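> Could you look at this predicted model? Sequence included:
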Amino acid sequence: MIKNKRTTGKIKKDYGMPDYYKAFKKEHPELDITNKKFYNVIADFNKKITEMIIENNLDYQFPHLGSSISVKKLKQVPVITNGKLVNKAPVDWVATNKLWNEDEEAKEKKLLVRFTNYHTSKYVFRLYFKKYIYPFKNKKYYKFKTVRSFARALANRIKDENKDKYDAFLLY
């Protein structure tokens, strides 16, 4: 049996949309809302929140969770530490794979091509999940992972030249 490398160590979700729908129906039996309509309302709400976080730099606070999600920007510049060059800029895997296919020596040395991000003045934008000090148990085990479409929408907004230059409120 071949294990999928991407799912190794992944924590399975405990609750999903069917569980939320059951809880909603239990709490509001008088409302006649179908499963499909419930899912559509949740999906529309999530799309609008995503759009507001990306377009308006909204710092969305999750009710009753003591946490928020926002866009943060980091300056990624190479530095010399202990005589070694340290570059934490994201790897451009398309260019790296192209280099490795053309140059066998580069592949053996595992040379990486990194993004320069000149269009954002060397800033890298990330979706940031912030946990506040909140009195409940096992808070350290909470993890938030955005869906790929959320991160792709942020990347498309940053690259869109028809709109104003993207800037985030959280600067670290």
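Thanks, I have the structure now. Numbering: from 1, shown residues only.

> Please make it C-alpha for all contacts and neighbour counts, starting now.
OK.

> Give the residue spans of this protein that score low on pLDDT.
1-14, 133-136, 166-172 (pLDDT under 70).

> cutoff 50 now
Applying pLDDT under 50 to the chain flags the ranges 1, 170, 172.

> Would you mind listing the outside residues contacting stretch 143-154?
50, 54, 127, 129 (C-alpha atoms under 8 Å, 6 or more residues apart in numbering).

> okay, those residues in JSON lines with distance to residue 75 and secondary structure next?
Shown next, in JSON lines, are the contacts of stretch 143-154 (distance: C-alpha to C-alpha, whole Å; DSSP: H, G, I helix; E, B strand; the rest coil):
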{"residue": "50", "distance to residue 75": "24", "secondary structure": "helix"}
{"residue": "54", "distance to residue 75": "19", "secondary structure": "helix"}
{"residue": "127", "distance to residue 75": "15", "secondary structure": "strand"}
{"residue": "129", "distance to residue 75": "18", "secondary structure": "strand"}
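
> What is the nearest of those to residue 32?
Using C-alpha to C-alpha, the shortest approach to residue 32 within these belongs to residue 50, at 27.9 Å.

> Phi and psi next, for the residue located most distally from the centre of the chain.
Each residue of the chain has a distance to the centre, and by C-alpha atoms, centre = their mean the biggest one is for residue 30: 37.5 Å. When quoted as degrees, to the nearest 10, the phi and psi of residue 30 stand at phi -70, psi -20.

> can you check residue 102 too?
The phi/psi pair for residue 102 (degrees, to the nearest 10) is phi -90, psi -30.

> could I get the contacts of stretch 143-154 as CSV with distance to residue 104?
Output for these, formatted as CSV (distance: C-alpha to C-alpha, whole Å):
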residue, distance to residue 104
50, 42
54, 41
127, 36
129, 40
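
> hmm, which of these are the buried ones?
50, 54, 127, 129 (16 or more other C-alpha atoms under 10 Å).

> who touches the third one in this structure?
Meaning residue 127. 69, 70, 71, 72, 146, 151.

> beta partners of it?
residue 71 (DSSP bridges).

> and if you look at residue 84?
Beta-bridge partners of residue 84, as defined by DSSP bridges: residue 81.

> Which one of the contacts of residue 127 is nearest to residue 38?
residue 146 (21.0 Å).
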